[in-house]
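Enquirer: the sequence isn't on hand, but the structure is:
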Ligand SMILES: Cc1ncc(COP(=O)(O)O)c(C=O)c1O
């Protein structure tokens with residue numbers, strides 16, 4: 001029997017999972033039992049958390065990392081599964097029967113190399129690490145101002161606000177996996193109308209700006225979010 005553990009985006013989708021995850025994998029379970037640890041860094045990879053990969057915050061060495069988005073910053077489509085020697089050595093003697101028409105397309109690979117050079121030359125990962133604590137402070141202030149922010153969490157430039165109707169019960173402002181509540185739909189429309197393009201899902205507002213963002217630009221975006229939060233502040237039921 002083979003056991004695989006796959007961790008998908010543990011940082012912001014799951015409230016307290018990141019801490020649990022760091023603790024859990026400090027146990028040598030994958031070493032002792034031959035479990036393959038697969039880490040999904042599609043969102044958290046390429047500097048988003050202030051390190052090249054989110055898993056580096058833990059000191060754990062996964063067997064496989066899957067990655068995409070930040071690999072080319074979306075300029076061209078490319079994803080990859082990067083494996084350690086333990087996994088790759090299996091394929092020294094065994095063929096990997098797979099492949100797609102456009103696998104490893106040279107142009108997408110060139111875009112990835114160009115992006116990686118920009119991350120390094122513009123010191124974007126160092127910049128993201130520096131922005132992390134600044135963002136945290138700003139979000140603390142935002143939460144003090146807006147009762148509808150139930151929780152915020154994140155690291156580097158990878159944050160999410162969870163919008164609630166009631167801070168004590170943590171009733172979400174829009175139900176999980178259902179269409180938007182009227183107030184959340186209005187909030188999302190307000191962000192767009194005021195020029196802020198971000199991902200809003202269920203009761204969550206993602207704060208995942210470009211890694212080159214300045215503090216001044218960040219404040220501009222946060223101001224738009226702050227104005228829009230007046231909509232959900234009014235529909236609190238506590
Ligand atoms: C955390 C995470 N994992 C995996 C995926 C899927 O990635 P892909 O479309 O490159 O297969 C996504 C897509 O949004 C994602 O956010």
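Expert: Nice, thanks for sending it over. Just so it is clear, the structure is predicted and the values come from calculations on it, not from any experiment.
Enquirer: so where do the helices sit in the chain?
Expert: For the chain, the helices defined by DSSP state H cover 17-24, 29-33, 85-88, 90-93, 106-121, 124-145, 182-193, 215-233.
Enquirer: for the fifth one, name the packing helices and strands.
Expert: Packed against helix 106-121, as judged by 3 or more Cβ pairs under 8 Å, 6 or more residues apart in numbering; DSSP states H and E, are no other helices or strands. To be clear about C-beta, it is placed using only N, CA and C from the backbone, and glycine gets the same treatment.
Enquirer: any idea of the mean pLDDT for that helix?
Expert: Helix 106-121 shows a mean pLDDT of 98.
Enquirer: helix or strand with the lowest mean pLDDT in this protein?
Expert: Every helix and strand of the chain was ranked by mean pLDDT, DSSP states H and E. The lowest is helix 17-24, at a mean of 48.
Enquirer: each with direction, which strands does the longest strand seen in the chain pair with?
Expert: Using DSSP state E to define each element, the chain has its longest strand at strand 158-166. Strands adjacent to strand 158-166 in the sheet, as given by DSSP bridges, are strand 149-155 (antiparallel), strand 171-172 (antiparallel), strand 204-207 (antiparallel).
Enquirer: who is residue 40 paired with across the strands?
Expert: Applying DSSP bridges to residue 40 yields these beta-bridge partners: residue 8, residue 66.
Enquirer: pLDDT score assigned to it?
Expert: On the pLDDT scale, residue 40 is placed at 91.
Enquirer: and the one 5 residues further on, by the same measure?
Expert: The predicted local confidence for residue 45 comes out at a pLDDT of 95.
Enquirer: then residue 1?
Expert: Model confidence at residue 1 (pLDDT) stands at 56.
Enquirer: got it, and the one 3 residues further on?
Expert: As summarised for this prediction, residue 4 has a pLDDT of 67.
Enquirer: and if you look at the one 3 residues further on?
Expert: As predicted, residue 7 sits at a pLDDT of 66.
Enquirer: for residue 25, same thing?
Expert: Model confidence at residue 25, expressed as pLDDT, equals 50.
Enquirer: what's across from residue 163 in the sheet?
Expert: residue 149.
Enquirer: er, residue 81 I mean
Expert: Judged by DSSP bridges, the bridge partners of residue 81 are residue 66.
Enquirer: residue 75 versus that one, what's the distance?
Expert: Distance of residue 81 to residue 75, computed by Cβ to Cβ, to the nearest Å: 21 Å.
Enquirer: what do you get for residue 84?
Expert: For residue 84, the distance to residue 75 - Cβ to Cβ - is 28 Å.
Enquirer: residue 58 now?
Expert: 29 Å.
Enquirer: try residue 113
Expert: Distance from residue 113 to residue 75, by Cβ to Cβ: 12 Å.
Enquirer: ok, residue 109 next?
Expert: For residue 109, the distance to residue 75 - Cβ to Cβ - is 12 Å.
Enquirer: these two: who's more crowded?
Expert: Set residue 109 next to residue 75 and count neighbours by other Cβ atoms under 10 Å: residue 109 wins out with 15 against 12.
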